[in-house]
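1. structure for this input, please:
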Amino acid sequence: MRDAPRYRERAFGSLLCLLFILAGTVQSAAQIEATPIKAEEEALKGVKALRILVPKMGAGETTHGLTREAVDAHAQKTFQEKLHALKVDPKAIAVLYVNVSLADFQSRLGYYGNLTVELRRPSMILVGKDFPDSPIQEYRVTLATVWAESVIFTGEVFAPTAVRKALDGVLDRFIADFRKANP
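-> Numbers count the residues shown, from 1 in each chain. Alright, predicted model coming up:
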């Protein structure tokens, strides 16, 4: 059996420690000064690693020979060849979403597609800060899109080549913005 007075003393001590820790956390969060981002590439500042996620194409989706694995491999290869300062790691918290959608034309042979690339990284939400004079009620952290680019393309033959070209264009813009933010 437990020694009740001693158990209460330990529990009370643990509770006091927890309260001191939480009080310190609240004070440090209250001292955070939110500095707005002035340029899109500033959102890329300090990114050291990211993971690449390419969603599966649905069973009923048109693929025209395009595979999720090929898109993922091409994006990884591009970063390895062109941006050595950024590590691609499956454990990274920052996530680069690469989404490709293809559809067939109704009236003729061929397809049209959309390629969207988004970088999501941990960001702070200022709950209650809806207007300049609004007080901050609490801070929340979430993954938020901080960089995004979309391209619409069409083609008549071999969609993987068109997707690769579109992906190269978008990733080149991402790499240029990354280099501006991280000289």
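2. centroid residue for the protein?
-> The centre of the chain sits closest to residue 120, judged by C-alpha atoms, centre = their mean, with a distance of 1.5 Å.
3. give me the beta-bridge partners of residue 103?
-> residue 112 (DSSP bridges).
4. so what pLDDT did it get?
-> Turning to residue 103, the model gives it a pLDDT of 81.
5. for this protein, which segments count as helices?
-> Ranges of helices in the chain, per DSSP state H, are 4-30, 68-82, 159-181.
6. residues in contact with the nearest residue to residue 86 once chain neighbours are set aside?
-> Sequence neighbours aside, residue 79 is the residue nearest to residue 86 in space, at 5.9 Å (criterion: C-beta to C-beta, 6 or more residues apart in numbering). (Each C-beta comes from the backbone N, C-alpha and C, glycine too.) Applying C-beta atoms under 8 Å, 6 or more residues apart in numbering to residue 79 gives the contacts 52, 86, 88, 171.
7. cool, and residue 158?
-> When contacts are counted by C-beta under 8 Å, 6+ apart, residue 158 touches 64-65.
8. any idea how far it lies from residue 65?
-> According to C-beta to C-beta, to the nearest Å, residue 158 and residue 65 sit 7 Å apart.
9. I'd say residue 149 and residue 117 touch.
-> Yes - judged on C-beta atoms under 8 Å, residue 149 makes contact with residue 117 at a distance of 5.4 Å.
10. now the common contact residues for those two.
-> 170, 174.
11. quick one, which of the two is more surrounded?
-> residue 117 (22 against 16; other C-beta atoms under 10 Å).
12. next, the buried residues of stretch 77-95.
-> 78-79, 83, 86, 88, 92, 94 (16 or more other C-beta atoms under 10 Å).
13. before we move on, what about stretch 136-154?
-> Across stretch 136-154, burial judged by 16+ other C-beta under 10 Å covers 139, 146-147, 149, 151, 153.
14. please identify which pair of those residues lies farthest apart.
-> Within the buried residues of stretch 136-154, 139 and 153 form the most distant pair, 40.5 Å apart (C-beta to C-beta).
15. returning to what we had before: want to try TSV for the buried residues of stretch 77-95, with pLDDT as columns?
-> Below are the buried residues of stretch 77-95 laid out as TSV (pLDDT from 0 to 100):
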residue	pLDDT
78	95
79	94
83	93
86	93
88	95
92	94
94	95
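16. those in strands, which ones?
-> In strands, judged by DSSP state E, the following of the buried residues of stretch 77-95 are found: residue 88.
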